[in-house]
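> the following block contains a protein sequence and its predicted model.
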Amino acid sequence: MSKAIITVVGKDTVGIIARVCTYLAENQINILDISQTIVQGYFNMMMIVDVSNMVKSFGSVADELEKTGEGIGVKVKIQREDIFTKMHRI
């Protein structure tokens with residue numbers, strides 16, 4: 001299984017989860033774990049996803065997720081699990 005981490009951060013608005021999750025489903029990206037909070041009007045979500053069966057290249061997915069986020073006023077980033085782990089190691 002090939003995993004990635006998706007983070008979504010920005011001002012809370014209607015439809016953030018729906019838009020991001022719809023994109024993932026359309027591209028055969030399965031959500032394995034999800035955490036979401038809203039603090040004083042700011043939305044924060046982190047997902048661990050399985051990218052083993054995604055239908056596009058990782059780079060294309062990263063670009064399209066970024067554009068999806070721009071369309072709803074949030075920042076959406078995806079990183080391969082190994083890169084994320086190395087960057088956040090204490």
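That came through, no problem.
> and after the one helix or strand residue 7 maps to, which helix or strand comes next?
Element membership for residue 7, per DSSP states H and E: strand 3-11. Moving toward the C-terminus from strand 3-11, the next helix or strand (DSSP H and E) is helix 16-26.
> pull the CA atoms of the next helix or strand after that next one into CSV?
Next helix or strand after helix 16-26 toward the C-terminus (DSSP H and E): strand 30-39. Presented in CSV, the C-alpha positions along strand 30-39 are these (Å, rounded to 0.1, in the frame of the first residue of the first chain):
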residue,chain,number,x,y,z
ASN,A,30,-9.1,6.0,-0.5
ILE,A,31,-9.3,7.8,2.8
LEU,A,32,-7.7,5.6,5.6
ASP,A,33,-7.9,8.1,8.4
ILE,A,34,-9.2,11.7,8.8
SER,A,35,-9.0,14.4,11.5
GLN,A,36,-10.8,17.7,11.2
THR,A,37,-11.1,20.7,13.5
ILE,A,38,-12.4,24.2,13.4
VAL,A,39,-10.8,26.7,15.7
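> any idea of the mean pLDDT for the next helix or strand after strand 30-39?
Downstream of strand 30-39, the first helix or strand assigned by DSSP H and E is strand 42-50. What strand 42-50 shows for mean pLDDT is 98.
> which other helices and strands contact strand 42-50?
strand 3-11, helix 16-26, strand 30-39 (3 or more Cβ pairs under 8 Å, 6 or more residues apart in numbering; DSSP states H and E). Bear in mind the C-beta positions are built from the backbone N, C-alpha and C, glycine included.
> buried residues in the shortest one, which are they?
In other words, strand 3-11. 3, 4, 5, 6, 7, 8, 10 (16 or more other Cβ atoms under 10 Å).
> with stretch 10-27 instead?
By neighbour count on 16+ other Cβ under 10 Å, the buried set for stretch 10-27 is 10, 16, 19, 20, 23, 24, 27.
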